[in-house]
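> structure of the sequence below:
(one chain, ligands or ions: 1)
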Amino acid sequence: MKLFLDTANLDEIRQINAWGVLDGVTTNPSLAAKEGREFSEVIAEICAEVDGDVSAEVVATDTEGMLAEADELRGIADNVVIKVPLIPAGLAACRRLADTGARTNVTLCFSPAQAILAAKAGATYVSPFLGRMDDISNDGMALLTEICEVFRVQGYATEVLAASLRSPQHVGQAALAGADVATLPTSVFNQMVKHPLTDIGLERFLADWQAYLQARG
Ligand code: G3P
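All right, here's what the predicted structure looks like:
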């Protein structure tokens, strides 16, 4: 399973990229707006920083508008993936982009039926939002598991990108469900790496080493 970082913040991207575990970045209009900077510049900087796919989302809601934005975004860097919402206009844009060889991420997916449409429209990725399903008392992990199973049975080439993940447990379960990609906020990366026994163990190793050095004089 590939790990993407879900942010438009360069400092966060540099921090996690330094770990050597990052396969790509996803952004959305809310995350981009938080940066308060020119969107194309932010995407260009992220694309230069990350050796992997970088999703940049269109904000038009009609197909021609999405395609015009996609043209500009694709001109920024080769690793830009065009993110479109899972609405009829987004599916039409996805198909036309796919037919020209563009890579796409169909986002805001909340059902296996929607995911099937994204696959049929030639999406590179489809993004089910797990946490937001949980937010409305649905089972986000059950949704992901079902989509992964449908794609396996049908042999769809579209990759399942588990999004709106909120905890390290979500990441483990997404891997077990067979997600191709998990995109996580920086906070979840930081939680994933931490374990109290690692900290206690390291502290003990270093204390024992110091004692050994002192004993040797
Ligand atoms: O990748 C989708 C993500 O940005 C949504 O996450 O936590 O806002 O539901 P969240």
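> surely N28 is in contact with P85?
No. At 9.8 Å, N28 does not count as touching P85 under the criterion of CB atoms under 8 Å. Where C-beta positions appear, they are placed from N, C-alpha and C, glycine not excepted.
> any common contacting residues for those two?
Common neighbours of N28 and P85 (criterion: CB atoms under 8 Å, 6 or more residues apart in numbering): E57, T107.
> hmm, L176 and L144 touching each other?
No. L144 is beyond contact range of L176, at 10.0 Å (criterion: CB under 8 Å).
> in the chain, which spans are strands?
In the chain, strands defined by DSSP state E lie at 2-6, 24-26, 53-57, 80-85, 104-109, 125-128, 159-162, 181-184, listed in chain order.
> okay if I get the ones you listed as CSV plus distance to A215 and mean neighbour count?
Converted to CSV, the strands of the chain look like this (distance: least, CB to CB, whole Å; neighbours: other CB atoms under 10 Å):
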stretch, distance to A215, mean neighbour count
strand 2-6, 43, 22
strand 24-26, 49, 26
strand 53-57, 53, 26
strand 80-85, 57, 25
strand 104-109, 58, 26
strand 125-128, 57, 28
strand 159-162, 51, 26
strand 181-184, 44, 26
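> can you put those in JSON lines and add mean pLDDT?
Shown next, in JSON lines, are the strands of the chain (pLDDT from 0 to 100):
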{"stretch": "strand 2-6", "mean pLDDT": "98"}
{"stretch": "strand 24-26", "mean pLDDT": "98"}
{"stretch": "strand 53-57", "mean pLDDT": "98"}
{"stretch": "strand 80-85", "mean pLDDT": "98"}
{"stretch": "strand 104-109", "mean pLDDT": "98"}
{"stretch": "strand 125-128", "mean pLDDT": "98"}
{"stretch": "strand 159-162", "mean pLDDT": "98"}
{"stretch": "strand 181-184", "mean pLDDT": "98"}
